[in-house]
Every structure is written in C-alpha cells, then in structure tokens.
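Colleague: sequence? don't have it. structure:
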C-alpha cells in the first residue's frame, strides 16, 4: 500500500511565522543602522520621564536613610568636614589667585577660552549604561551641540557630547574602550596618546626616560588645560625604551550626579 | 508569563545595571520558546546607550551578543528535555 504523506501544515505555519519575525527584526536593525537617532528620539522622552521619577524615588529613600543616622556619627562627621573645608579654603585662595593671574596673562595675549558652562543632571550612568556613556537632562533647547566638552568636579574633563536631542543628550566618556585622545603629562610636559580602557581607566605609552611617576597629573592640552587623569601605575620594561602608563580619571564615573557642559558661544 | 517577562526586562534596561538585563534575557531565552524579543532588546540597548565609538569601534555589541545568545540557546533548548 502506498500512502500519500500528509502535508505538515503546523510546521509550514511555524516557518512562515519565523520568517516574518526575522524579516521584522532585520527591518528594526536596518532602521537603527541607517537612522541611529530614530529610536533614541522616540524612547528618550518616554524613558526620560521614568528616569526622573526613579531619581525622586531613590532620592526620597536616600534622604530617609540619612535621617535615621545616629546623631553622634553626624556630629563627628560634621567636625571632620569643617576641618577639611578650612584646609581646602586656604588651598583654594592660592589656586584662585593663580587662576586669575593665568587668565589675565592669557587675556593680555588675546587668548581666552570661549563659551559658557551649563550644569546638567545625569539621568543615566554606568552600570545602567553598559557603554561608557551617560545621559544628561540638557539638549538642543539649552544650546548643546555634538562635540561640546563635558566636565565633572569643576575641572576634570571626562567626555564629549555625542548625540543631542530636544531635552536630553548622550555623553561618551573619553575612557570608552578603544577611544584615543591626545594628552600631556603636567610634570614632565611629555605628550602622548591615551587609549580608553573603560570605567574611567586609560593607558598610554611614553618614552621610558620621560620621568613620569605615579601620582602625576595628566592634562588635556588646551588654551585652558583641564585635569584628565592621575597616573596610577608606570610599567617600564628594561628591554624597551617605552613605558606603559596606566591612569584613571579623577571623577568616579559611577558616582557622577552633575556635570558641566561648555557650550559654544 | 511572556508579557510579565518582557515588562521586567524593559524595566531592567532602564533602571538596573546592564548585567541584570543580560541575565534576564538569557533566562528568558531558556524558558520561553523562540524569544525573538531578545534581539529587539539588543537593538534598544545599543540605541539608548551606545555611541558611534561603541566598544573598540563596534557600535552594535548588544545586538550581536543577543543574536548569538538567542541562536545558541534555541539549539540548546531543542536538545534538552525537562
């Protein structure tokens, strides 16, 4: 007896569904590939509301936690911080005087940094963001443009604005893995190319006899130099004429809550 | 179950450290048949947080990783029985 094999309609249907889904995924990916701003421009307004709400909820819990701290601990902490502020004020007086003198000299020579600085709140930062990026609450409405420099802790250069939307912007840290930036070592005036290693860490190669040591300041060479990092380790191979320098940003990118953006005039 | 999982993953992408999303998506690929949404979440993470610099110049890390996770776990799931 010969039986005709029944067509497997369930399998056919399943394959058809799979083909449709795969096609849909390809279209989604193609949209992102050709129009990289499309999805963020849709999701940022939606997610931005949620991020702000999340901040207020987390902020409430944080404040509630602070109120139940013991009074004696708070008194001790207050005394320690007061002493620290007094010591810092003395250092700042000298620093301020030097900064003013520096600005006056540059102004006399017709060189001064251009643009204003605006404060931005960090909505998302690592480790929520898997890349070395943050999302801030300022955008084109506030005059931001791609390429604007971003600072933390007042003077530490940490990254640049890469994408700007109406009320949000994406900032890429200079420590993004593989990203290269020209830097200078403050104490030895040696110039080098820093390579990002992620999480605020960098590596650079400099001549072994350049005199760079742990604790040296790394600066971003500009008309107004900014702190870029602090040297953590210098590895010198006796057989090599170059040394590997490892340094990190003075700002902890996991703790940044506010940043300053220098916008073009 | 599938809808609840999707909501959980979407929330984890917005609020929780990125490795939570990866763990949830691996779990979903194991437990839910044909969890195509994994690829959508990869595209979403790259779009929300990625930049042109990416990681070592590659901008679509999570899309690629989730496609691989989806394909590998689909095969593994088919060969396992529980």
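Modeller: Structure received. Computed from a predicted model, the values in this text were never measured in an experiment. Numbering: from 1, shown residues only, chains lettered A, B, ... in the order given.

Colleague: Do a quick rundown of the strands in chain A.
Modeller: A:116-124, A:133-136, A:149-152, A:156-164, A:169-173, A:180-185, A:191-198, A:201-207, A:217-220, A:226-236, A:242-248, A:258-263 (DSSP state E).

Colleague: Quick one: mean pLDDT over the last one.
Modeller: Right, strand A:258-263. Mean per-residue pLDDT for strand A:258-263: 90.

Colleague: what packs against that strand?
Modeller: With contacts taken as 3 or more C-beta pairs under 8 Å, 6 or more residues apart in numbering or on different chains; DSSP states H and E, strand A:258-263 sits against strand A:116-124, strand A:133-136, strand A:149-152. Where C-beta positions appear, they are placed from N, C-alpha and C, glycine not excepted.

Colleague: One more: the fifth one?
Modeller: Using 3+ C-beta pairs under 8 Å, 6+ apart as the contact criterion, the secondary-structure elements in contact with strand A:169-173 are strand A:133-136, strand A:156-164.

Colleague: Ok, which of those comes nearest residue A:48?
Modeller: With C-beta to C-beta, the closest approach to residue A:48 among those belongs to strand A:133-136: 8.1 Å.

Colleague: Now find how far off-centre the closest one is within its chain.
Modeller: 7 Å (C-alpha atoms, centre = their mean, to the nearest Å).

Colleague: Please work out how many residues are found near residue B:40.
Modeller: 18 (other C-beta atoms under 10 Å in any protein chain shown).

Colleague: The residue nearest to it when sequence neighbours are not counted: what's it in contact with?
Modeller: Take residue B:40 and drop its neighbours on the chain: the residue closest to it by C-beta to C-beta, 6 or more residues apart in numbering or on different chains is residue A:28, 6.3 Å away. Residue A:28 makes contacts with B:39, B:40, B:43, as judged by C-beta atoms under 8 Å, 6 or more residues apart in numbering or on different chains.

Colleague: Identify whichever of the helices and strands packed on strand A:258-263 lies nearest to chain B.
Modeller: strand A:133-136 (5.4 Å; C-beta to the nearest C-beta).

Colleague: Sheet-wise, list the partners of that closest one with their directions.
Modeller: Using DSSP bridges, strand A:133-136 pairs in its sheet with strand A:116-124 (antiparallel), strand A:169-173 (antiparallel).

Colleague: What ranges does chain B have for its helices?
Modeller: All helices of chain B, identified by DSSP state H, fall at B:2-15, B:18-31, B:37-49, B:61-79.

Colleague: measure the residue nearest to residue A:182 when sequence neighbours are not counted to chain B for me?
Modeller: The spatially closest residue to residue A:182, leaving aside those adjacent along the chain, is residue A:193, at 6.0 Å (C-beta to C-beta, 6+ apart). Residue A:193 sits at a distance of 15 Å from chain B (criterion: C-beta to the nearest C-beta, to the nearest Å).

Colleague: what about residue 41, how many neighbours?
Modeller: Reading this off chain A. Going by other C-beta under 10 Å, the residues that sit close to residue A:41 add up to 14.

Colleague: switch to chain B, that's the one I care about
Modeller: Residues near residue B:41, counting by other C-beta under 10 Å, number 23.

Colleague: can you check residue A:73 too?
Modeller: Look at residue A:73: counted by other C-beta under 10 Å, it has 9 neighbours.

Colleague: Run through the helices of the stretch 1-150 of chain A in chain order.
Modeller: All helices of the stretch 1-150 of chain A, identified by DSSP state H, counting those that start in this stretch, fall at A:9-34, A:38-67, A:71-108.

Colleague: show me where pLDDT drops low in the stretch 51-200 of chain A?
Modeller: A:53-69, A:110-115 (pLDDT under 70).

Colleague: At the contact with chain B, which residues of it appear?
Modeller: A:51, A:54, A:124, A:127-131, A:133, A:135, A:162-163, A:170, A:172, A:176-179, A:198 (C-beta under 8 Å from any C-beta of the partner chain).

Colleague: Quick one, which of those residues are buried?
Modeller: Among these, those scoring as buried are A:51, A:54, A:124, A:128-131, A:133, A:135, A:162-163, A:170, A:172, A:176-177, A:179, A:198 (criterion: 16 or more other C-beta atoms under 10 Å in any protein chain shown).

Colleague: re earlier: mind listing what the residue nearest to residue A:182 touches?
Modeller: By C-beta under 8 Å, 6+ apart, the residues touching residue A:193 are A:180, A:181, A:182, A:183, A:204, A:205.
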